[in-house]
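Show me the folded form of this:
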Amino acid sequence: MRCSNCERTMEEDWAYCPYCGSARRRSAMFPSLFGSLFRDIEEEFRRLDRLFETELRPGREPFFGGVDISIVRGPGREPDIRVQTHGDMEGYEPEIRRNLKIEKRQTHPPPDHVREPVTRMREEGRRLIFEMEVPLCKKEEDVEVRKLRESLEVKAYAGDTAYFKLFRIPKGARLVSWKLEDEKLTVVLET
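Numbers count the residues shown, from 1 in each chain. Have a look, this model is predicted:
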């Protein structure tokens, strides 16, 4: 099927165009990709609304705070669900995680050393391939790759050392995949 905004080809079950971000029918995608996850999140927000109305309602003290839930899913990977609370909602994070059956993400202690990895970039057709040397980094759980609007953020942890790199990338580039193998991180983007 084609996106009604940019006319590029997209999959039938996608709710958003991966190139321009235009929304498609919401109900078509959510159940097929994530099962009941979105229904569970909606129910949790309804529960938090009721909590706000009964226990945290304005009138006693001003209420400041919120809950952020983000879902990140890369090619061939399970969705990574992140919950962050702030302000007056901060104490509710463990309860929200429990209700949504989300395990606590592995967090890394502040590193003693932060280094920029040795990086090589090459182009293959419409693909940009970044290869980074991350000595002593052995597990994919120790790697974070985030595609932002016009940049790519990479963090890799190895003991008391963190490798950090921020790349400027073309607008509309899409993260295709990443893998860690033999202390080398390879990230593939498509423009």
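
Can you give me the domain boundaries for the chain?
With domains defined by automatic domain parsing, the chain comprises 1-34, 36-99, 113-190.

how far away is the residue nearest in space to the middle of the chain from Y92?
For the chain, the residue nearest the mean C-alpha position is V72 (3.3 Å; Cα atoms, centre = their mean). Using Cβ to Cβ, to the nearest Å, V72 is found at 22 Å from Y92. All C-beta atoms are positioned from the backbone trio N, CA, C, and that covers glycine.

again, but for E53
15 Å.

what number of residues lie near A173?
If you count neighbours by other Cβ atoms under 10 Å, A173 ends up with 20.

JSON lines please, covering the domains of the chain and showing mean pLDDT.
JSON lines is the format used below for the domains of the chain (pLDDT from 0 to 100):
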{"stretch": "domain 1-34", "mean pLDDT": "68"}
{"stretch": "domain 36-99", "mean pLDDT": "75"}
{"stretch": "domain 113-190", "mean pLDDT": "92"}
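
Identify the residues contacting the host helix or strand of E144?
Using DSSP states H and E, E144 maps to strand 143-147. Residues outside strand 143-147 that contact it (Cβ atoms under 8 Å, 6 or more residues apart in numbering) are 72, 74, 134, 137, 152-157, 169, 173-175, 178, 180, 185, 187, 189.

For PyMOL, write a command that selects the buried ones of these.
Per 16 or more other Cβ atoms under 10 Å, the buried members of the contacts of strand 143-147 correspond to this PyMOL selection:
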select buried, resi 134+137+152+154+155+156+157+169+173+175+178+180+185+187+189
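
quick one on the thing from earlier: of all the residues in the strand holding E144, which ones are buried?
For strand 143-147, the neighbour count (16+ other Cβ under 10 Å) marks 143-145, 147 as buried.

Name the residues of the lengthiest helix in the chain that come out as buried.
When the chain is parsed with DSSP state H, its longest helix is helix 37-54. Neighbour-count burial for helix 37-54, counted by 16+ other Cβ under 10 Å, picks out 37-38, 40-41, 44, 48.

what's the answer for stretch 166-173, then?
So for stretch 166-173, counting by 16+ other Cβ under 10 Å, buried means 167, 169, 173.
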